[in-house]
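J.: quick one: sequence plus predicted model below, questions after.
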Amino acid sequence: MRFWIGIIAMAGVLLAQDGAALERKNRDNRHLAVILLGPPGAGKGTHAGRLSHYLGIPHISTGELFRENIRNENPIGKTAKSYIDQGNLVPDAVVLEMLFARTALPDCKDGYILDGFPRTVTQAKALDQRISKTHQLIALNFNTPDEFLVDRITGRLACKECAKIYHKRYDPPKQANICDSCEGALYQRSDDKEDILRQRLAVYRKESQPLIDFYAAKKNVLRQIDGRNAKEQVFHDVLDALPQVALLAK
Ligand code: AMP
C-alpha cells in the first residue's frame, strides 16, 4: 500500500512540475521581446532574420520600416529621409509612433525581435513603459569594433523584397544581384557609403553607452555577444543568450 501511495505522490509531483514548465514556456514565448543593440554592420539584421525564423516571431527593423515609408513617399518617409541621408537619427517621436503602430499588429502577439530600436534612452524608456508588464525583455549587445564595420558595411547588399543581407565578397548571392531566397533585386543602401557610415558610427558611439548602461542597470536583461566572430558562432552565441524557455517552445 505504502509503495503505491509513494508512486502516486511521485507522479503527482512530476505532473505538477511539467504543468508549471509548460505554463512558463508558453507565457515567456508569447511575450518575448528581443532587442538587438550594436553599431551598423555588427550583424543585427542578419541574426534578427535568422532568429525570427527560429523562434517564429517577427523581425522588426526600424531602419527597414523607414526605407519602406521612403519608397512609399508618405509623410513619415519624407521626414525620415533627410535624417537618414545625413547619417543622423530620426527624431524619437517619429520613431516611436511608427514602431508602436507596427508592434500593435496581430503578428506581434507572441513577441518580436527589434533590430535598430531603441537607439536612444528616451526610446528605451518609452518601450519599457509600454511592455515591461507584458513582455520579457532581452537585450543582446553585439560588441564590434569599428575596424570590422567599415569593410562589412561598404560591401553590403540587401534584397529590395525581403531585406535579406549579403556581402559582395564574404557572402555573395549565388546569382549576381539576385536574392537567393526570393529572387528580388539586390541593392546597396545609399547610407552604406563610407562617408555617411562614418557619421552613423559616430552617432552610434555617442548614443550607445547610455543605452547599454540603461539595460545593464536592469536585472537579467543585457547579454553581451562578440560581434567579431564568424556568423555561425555568433548565431550559436545568440541562441545561448536567450532564455531556455523560448528555445524549448520551438
Ligand atoms: P538601420 O537600417 O538600422 O541601419 O537604420 C538606418 C537609419 O534609419 C539610421 O541611420 C537612422 O537614420 C534611422 N533609424 C533607424 N532606426 C532608428 C531609431 N530607432 N531611431 C532613430 N533613427 C533610426
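T.: Now that the structure is in, tell me what you want to look at. Numbering: from 1, shown residues only.
J.: CA atoms of stretch 38-50 as CSV?
T.: The C-alpha trace of stretch 38-50 is given here as CSV (Å, rounded to 0.1, in the frame of the first residue of the first chain):
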residue,chain,number,x,y,z
GLY,A,38,25.1,47.3,-31.8
PRO,A,39,26.7,49.5,-34.4
PRO,A,40,25.8,49.4,-38.1
GLY,A,41,27.5,46.2,-39.6
ALA,A,42,27.5,44.3,-36.3
GLY,A,43,25.3,41.6,-37.7
LYS,A,44,22.0,42.7,-36.1
GLY,A,45,19.9,42.4,-39.3
THR,A,46,21.4,39.1,-40.3
HIS,A,47,20.8,37.4,-37.0
ALA,A,48,17.4,39.0,-36.4
GLY,A,49,16.2,37.5,-39.6
ARG,A,50,17.5,34.1,-38.7
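J.: list the contacts for the closest residue to the ligand within the chain?
T.: Using C-beta to the nearest ligand atom, the single residue of the chain nearest to the ligand is Gly63, 1.9 Å away. For every residue, glycine as well, the C-beta is placed using N, CA and C. Applying C-beta atoms under 8 Å, 6 or more residues apart in numbering to Gly63 gives the contacts Ile84, Asp115, Gly116.
J.: check what pLDDT the second one gets.
T.: In the predicted model, Asp115 carries a pLDDT score of 96.
J.: is it correct that it is in contact with Lys44?
T.: Yes. At 4.9 Å, Asp115 and Lys44 qualify as touching, with contact defined as C-beta atoms under 8 Å.
J.: which residues are common contacts for these two?
T.: Residues touching both Asp115 and Lys44 (C-beta under 8 Å, 6+ apart): Leu36.
J.: which residues of the protein lie near the ligand?
T.: Residues of the chain lying close to the ligand (C-beta under 6 Å from any ligand atom) are 40, 61-63, 66, 83-84, 87-90, 95, 116-119, 123, 191, 200.
J.: cutoff 5 Å now
T.: Within the chain, the residues that sit near the ligand (C-beta under 5 Å from any ligand atom) are Pro40, Thr62, Gly63, Phe66, Ile84, Leu89, Val90, Val95, Gly116, Phe117, Arg119, Arg200.
J.: in the chain, what residue spans correspond to strands?
T.: Counting by DSSP state E, the segments of the chain that form strands are 32-37, 59-61, 111-115, 136-143, 156-159, 165-167, 186-187, 222-226.
J.: could you dump these into JSON lines with mean neighbour count added?
T.: Listed next are these as JSON lines, based on neighbours: other C-beta atoms under 10 Å:
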{"stretch": "strand 32-37", "mean neighbour count": "25"}
{"stretch": "strand 59-61", "mean neighbour count": "22"}
{"stretch": "strand 111-115", "mean neighbour count": "24"}
{"stretch": "strand 136-143", "mean neighbour count": "20"}
{"stretch": "strand 156-159", "mean neighbour count": "21"}
{"stretch": "strand 165-167", "mean neighbour count": "18"}
{"stretch": "strand 186-187", "mean neighbour count": "17"}
{"stretch": "strand 222-226", "mean neighbour count": "18"}
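J.: same list (those strands) but as JSON lines, adding distance to Phe100.
T.: JSON lines is the format used below for the strands of the chain (distance: least, C-beta to C-beta, whole Å):
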{"stretch": "strand 32-37", "distance to Phe100": "13"}
{"stretch": "strand 59-61", "distance to Phe100": "11"}
{"stretch": "strand 111-115", "distance to Phe100": "11"}
{"stretch": "strand 136-143", "distance to Phe100": "15"}
{"stretch": "strand 156-159", "distance to Phe100": "25"}
{"stretch": "strand 165-167", "distance to Phe100": "25"}
{"stretch": "strand 186-187", "distance to Phe100": "29"}
{"stretch": "strand 222-226", "distance to Phe100": "23"}
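J.: quick one, helices of this structure?
T.: 2-30, 44-55, 62-71, 75-85, 92-103, 121-131, 146-154, 194-216, 231-241, 244-248 (DSSP state H).
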